[in-house]
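Q: Predicted structure and sequence below. I'll ask about it afterward.
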Amino acid sequence: MNDSELREQVRDRYAAAAIAVSTGSDASCCDSSCGDSCSPAGTAYELSDRTALPADALAASLGCGNPLAVAELREGETVLDLGSGGGIDVLLSARRVGPSGKVYGLDMTDEMLALAVANAREAGATNVEFLKGTIEAVPLPANTVDVIISNCVINLSTDKPAVFTEAFRVLRPGGRFGVSDILAEDHLTPAQRAERGAYVSCLAGAASFSEYRTGLAAAGFTAIDITPTHAAADAMHSAIVHARKPPTG
């Protein structure tokens, strides 16, 4: 498939997941089509966080980790969640940055956006805003946010350099990048990654560790740190990625 067809496949997969949640079904991708690449029903999060969220936000969680465990969010900060889905990380971030902070959730799927807005309303979150768009073309001005988070979404992009460039652009100087993602060991070819799982299961499109690091550095990021957390497939791993946009001067 070409890039446009892959994007539509991803859009359809996540639209179906949102509809499943809305109709009372399980949206989790953690089944035979996805292997171990994601965490069912938000189990990567602390129990205190899970119990404070609307049930539909948990049910729509399709992530591979918990970026908030390393994002070190502070009161008053502005956060952007790339591929916000049902809003689980947006809502948890909103609690951490408080009423003086702001959290944007960016998603390209109408059904997920509608679910996220409903979840935010149920949670009483007034410091959040959901935006429709792609992570390769973020609809925000430059130097807008303090922190970028994402949970198992960047691997779904067919243009990861554009994602890293956009993340760098919208971060303020000194801003932080802290995401969960699926990465492949460097020896795996793209064909070998595809053998381990479908594109929509976050495996076939995963970058290697070196490719991810090189992409972030090429966009201008520094202090890049990539830490594997658990196996997602043979020679593929869920990982936490940290990086920073250098301060001016």
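A: It's in. Numbering: from 1, shown residues only.

Q: The biggest strand by length in the chain - contacts with which helices or strands?
A: What stands out as the longest strand in the chain, according to DSSP state E, is strand 171-184. Counting contacts by 3 or more Cβ pairs under 8 Å, 6 or more residues apart in numbering; DSSP states H and E, strand 171-184 is packed against helix 68-71, strand 145-151, helix 209-219, strand 222-233, strand 236-244. For the C-beta atoms, the positions are set from N, CA and C on the backbone; glycine is no exception.

Q: Wait, residue 125 touches residue 88, no?
A: No. Counting by Cβ atoms under 8 Å, residue 125 does not reach residue 88; the two are 11.6 Å apart.

Q: coming back round to it: and the helices and strands packed on strand 171-184, which is most packed in?
A: Stretch with highest mean neighbour count among the helices and strands packed on strand 171-184: strand 145-151 (a mean of 25; mean count of other Cβ atoms under 10 Å).

Q: who touches the nearest residue to residue 167 once chain neighbours are set aside in this structure?
A: Ranked by Cβ to Cβ, 6 or more residues apart in numbering and with sequence neighbours excluded, the top spatial neighbour of residue 167 is residue 148, at 5.0 Å. Contact analysis of residue 148 by Cβ atoms under 8 Å, 6 or more residues apart in numbering lists 79-82, 167, 170-171, 175-179.

Q: Out of those residues, which comes closest to residue 219?
A: Looking at the contacts of residue 148 and their distance to residue 219, the nearest is residue 167, at 7.1 Å (Cβ to Cβ).

Q: Which secondary structure state does that closest one sit in?
A: The assignment at residue 167 comes out as helix when based on DSSP: H, G, I helix; E, B strand; the rest coil.

Q: Tell me which stretches of this protein form helices.
A: 3-22, 47-51, 55-59, 68-71, 88-97, 110-123, 160-170, 190-195, 209-219 (DSSP state H).

Q: Nearest approach to residue 141 belongs to which of those helices?
A: Taking Cβ to Cβ as the criterion, residue 141 comes closest to helix 160-170 out of these, the separation being 7.4 Å.

Q: which helices and strands does that closest one pack with?
A: The contact analysis (3+ Cβ pairs under 8 Å, 6+ apart) places helix 160-170 against strand 78-82, strand 145-151, helix 209-219.
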